[in-house]
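Student: any chance you could fold what I've pasted below:
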Amino acid sequence: MLEVSLLVVLVVIGALVFDYINGFHDTANAIATVVSTRVLSPRQAIAMAACLNFVGALVATQVAITVASGLIDTARFQAVDIHQPAAFAAKLKNPADPVSGYLAGHLSPATRQLLEQYTVLSDPPARELLAAMVDDLNSVIRQVDFYAAERFAGIPLPEKTVAKARNSGKLKPEELRNTNRLLLENAYADELASNQHLFQVVILAGILGAIAWNLITWKFGIPSSSSHALIGGLCGAAIIHGGLPFVLWNGIVHKILIPLVGSPAMGFILGFILMGGIFKTLAHVHPDRVSASFRHLQILSAAAMAFTHGLNDAQKSMGIITMALVSARILPEPVVPKWVVFSCAAAMALGTSVGGWRIIKTMGHKIIRLEPVHGFAAETSSAIVLFVTSHFGMPVSTTHVISGSIFGVGASKRLSAVRWGVAQSMVMAWVLTLPAAGLVAALSYELLILLGLGQ
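Tutor: Predicted structure coming up:
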């Protein structure tokens, strides 16, 4: 059996590789406009973007916490987590301690019926009973009244777990599930145990799916979303591992799918409004003078875009590593360690320094013909959207946002200024990213299992 610690190391390495690839894959998000308008040379723009990506990644961790705890259910019990099913069934059938008494009172009618038919001294529980007990465990970890001091008297518990359990009514759903799972594992130290090395395989497969899709789209110069490649990869691996219940669909809808549509739409609207306002305000100013002024302003807007790119995108890998550490019980809760923040920031900055020339060409030239004023409007709009979504912990796509902003800027001039055929191909890439990365991740999971990592 592969040691959990080694799997965690593989996940950390994979996440940092993804972060590095994310850096050069998404370099164009921050600097395509400033390069295409010749305000900065490619070398200068990339150096600026790399530095500000690093700084931006150090500022906050809201997005990382969303990725670590709000998308995949790391607390969910599986049949393999019940190491002694016969002993556990016996405690539920004839509860002799307060915790078992609580669980027995929360069994489903189907489980009670199966337990009545089960003879403890016979063979281990049948698959049907085992599945029923797992379902009941997953129901109990959602209960806010599970912890009581007298119920857990004499059971050694970590202080942080007790502190959280005492305030279970104020915990977020994912925190409540993780806290109650830890309580159960301590109460049934022999019968229940985390089999989370399998979940490390899920995370590793998700990373591999995202990396593969990123490399494919980078090869063909398609500005797809690294963020959604990662989310799609995680979902695909989780579903092939344990089915649809392993995905927290409420978090996916509210934190991923709604921002998936909303963030580029907001970029489009802000770009359209900002560019329209600039046109009206400076309509009587000589174009050469406008261009000269915005050449300097565009450096600031590109810097803001690079900063917010690091602020949002680098946190995805931080969240992946934190998820792995929590699921392996190395961390008691999804709080991003400092070494994770710095390593992910450095990996993204290093990747950004390599550059992504194919995608820069698409973003900077193929959508519309950009002037410094257009670049300023697009980058400023994008930076605003990214800052707001990062504040609310939404792992949005910087690629989607800057593309939407560029479309909005172009449309404010006239609709024919935008090459809508390019827009159509980009939208197709966006739509395909989640399922394509999920499929690659699912195949990666099966391959890793065949190689023996799940044993």
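
Student: break this protein into its domains for me.
Tutor: Split into domains by automatic domain parsing, the chain comes to 4-74+200-450, 79-195.

Student: lowest average pLDDT across those?
Tutor: Mean pLDDT is lowest for domain 4-74+200-450 among the domains of the chain, at a mean of 83.

Student: re the thing from before, okay if I get the domains of the chain as a markdown table plus mean neighbour count?
Tutor: In this view, the C-beta of every residue, glycine as well, is placed from N, C-alpha and C. Output for these, formatted as a markdown table (neighbours: other Cβ atoms under 10 Å):
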| stretch | mean neighbour count |
| --- | --- |
| domain 4-74+200-450 | 22 |
| domain 79-195 | 16 |
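
Student: identify the residue nearest the spatially most central residue of the chain in space, chain neighbours excluded?
Tutor: Centroid check for the chain by Cα atoms, centre = their mean gives residue 67 as the closest residue, at 3.5 Å. If the residues on either side of it in the chain are set aside, residue 67 comes closest to residue 319, at 2.6 Å by Cβ to Cβ, 6 or more residues apart in numbering.

Student: same question for residue 291.
Tutor: Leaving out its chain neighbours, the residue that sits closest to residue 291 by Cβ to Cβ, 6+ apart is residue 372, at 5.5 Å.

Student: residues in contact with that neighbour?
Tutor: 37, 39, 291, 294-295, 297-298 (Cβ atoms under 8 Å, 6 or more residues apart in numbering).

Student: now, the residues you listed that are in strands?
Tutor: Among the contacts of residue 372, DSSP state E puts none in strands.

Student: how close does residue 188 sit to residue 327?
Tutor: Between residue 188 and residue 327 the computed distance is 19 Å (Cβ to Cβ, to the nearest Å).

Student: let me fix that, I meant to ask about residue 52.
Tutor: Applying Cβ to Cβ, the value for residue 52 to residue 327 is 32 Å.

Student: ditto for residue 403
Tutor: 34 Å.

Student: out of the contacts of residue 372, which is nearest to residue 130?
Tutor: The nearest member of these to residue 130, counting by Cβ to Cβ, is residue 298 at 62.4 Å.

Student: quick one: that closest one from residue 49, how far?
Tutor: Taking Cβ to Cβ, one finds residue 298 at 13 Å from residue 49.

Student: swap in residue 289?
Tutor: 28 Å.

Student: ditto for residue 84
Tutor: Going from residue 84 to residue 49 by Cβ to Cβ gives 55 Å.

Student: swap in residue 201?
Tutor: Taken as Cβ to Cβ, the span from residue 201 to residue 49 is 34 Å.

Student: which strands and helices sit next to whichever strand or helix holds residue 185?
Tutor: For residue 185, the element it lies in under DSSP states H and E is helix 173-187. When contacts are defined as 3 or more Cβ pairs under 8 Å, 6 or more residues apart in numbering; DSSP states H and E, helix 173-187 packs onto helix 62-69, helix 127-140, helix 159-166.

Student: give me the angle between that helix and helix 159-166.
Tutor: 120 degrees (axes from the mean of the first three to the mean of the last three Cα atoms, to 10 degrees).

Student: for helix 173-187, list the C-alpha coordinates in PDB.
Tutor: Extracted in PDB, the C-alpha atoms of helix 173-187 (Å, rounded to 0.1, in the frame of the first residue of the first chain):
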ATOM      1  CA  PRO A 173     -22.000  23.000   6.600                       C
ATOM      2  CA  GLU A 174     -18.600  21.800   5.400                       C
ATOM      3  CA  GLU A 175     -17.000  22.600   8.800                       C
ATOM      4  CA  LEU A 176     -19.800  20.800  10.600                       C
ATOM      5  CA  ARG A 177     -19.400  17.700   8.600                       C
ATOM      6  CA  ASN A 178     -15.600  17.600   9.100                       C
ATOM      7  CA  THR A 179     -16.000  18.300  12.900                       C
ATOM      8  CA  ASN A 180     -18.600  15.500  13.400                       C
ATOM      9  CA  ARG A 181     -16.600  13.100  11.300                       C
ATOM     10  CA  LEU A 182     -13.600  13.600  13.600                       C
ATOM     11  CA  LEU A 183     -15.800  13.100  16.600                       C
ATOM     12  CA  LEU A 184     -17.000   9.800  15.200                       C
ATOM     13  CA  GLU A 185     -13.500   8.600  14.400                       C
ATOM     14  CA  ASN A 186     -12.400   9.300  17.900                       C
ATOM     15  CA  ALA A 187     -15.500   7.700  19.500                       C
END
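
Student: now do that helix: distance to the chain's middle.
Tutor: How far helix 173-187 lies from its chain's middle: 22 Å, per Cα atoms, centre = their mean, to the nearest Å.

Student: that one: what's the following helix or strand?
Tutor: Following helix 173-187 toward the C-terminus (DSSP H and E): helix 197-219.

Student: surely residue 75 meets residue 181?
Tutor: Yes: using Cβ atoms under 8 Å, residue 75 makes contact with residue 181 at a distance of 4.4 Å.

Student: residues touching the residue nearest to the centre of the chain, list them.
Tutor: So residue 67 contacts 230, 315-316, 318-320, 322-323, 395 (Cβ under 8 Å, 6+ apart).

Student: mind redoing it with 7 Å?
Tutor: By Cβ atoms under 7 Å, 6 or more residues apart in numbering, the contact list for residue 67 reads 316, 319-320, 323, 395.

Student: make a markdown table out of those and add distance to residue 351 and secondary structure.
Tutor: Converted to a markdown table, the contacts of residue 67 look like this (distance: Cβ to Cβ, whole Å; DSSP: H, G, I helix; E, B strand; the rest coil):
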| residue | distance to residue 351 | secondary structure |
| --- | --- | --- |
| 316 | 13 | helix |
| 319 | 17 | helix |
| 320 | 15 | helix |
| 323 | 21 | helix |
| 395 | 17 | coil |
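
Student: what is the nearest of these to residue 109?
Tutor: Within the contacts of residue 67, proximity to residue 109 (Cβ to Cβ) peaks at residue 323, which comes in at 35.0 Å.

Student: who are the neighbours in contact with the closest residue to that closest one other than its chain neighbours?
Tutor: Counting by Cβ to Cβ, 6+ apart, residue 323 lies nearest to residue 68, which is 4.4 Å off, once chain neighbours are set aside. By Cβ under 7 Å, 6+ apart, the residues touching residue 68 are 319, 322-323, 326, 334.
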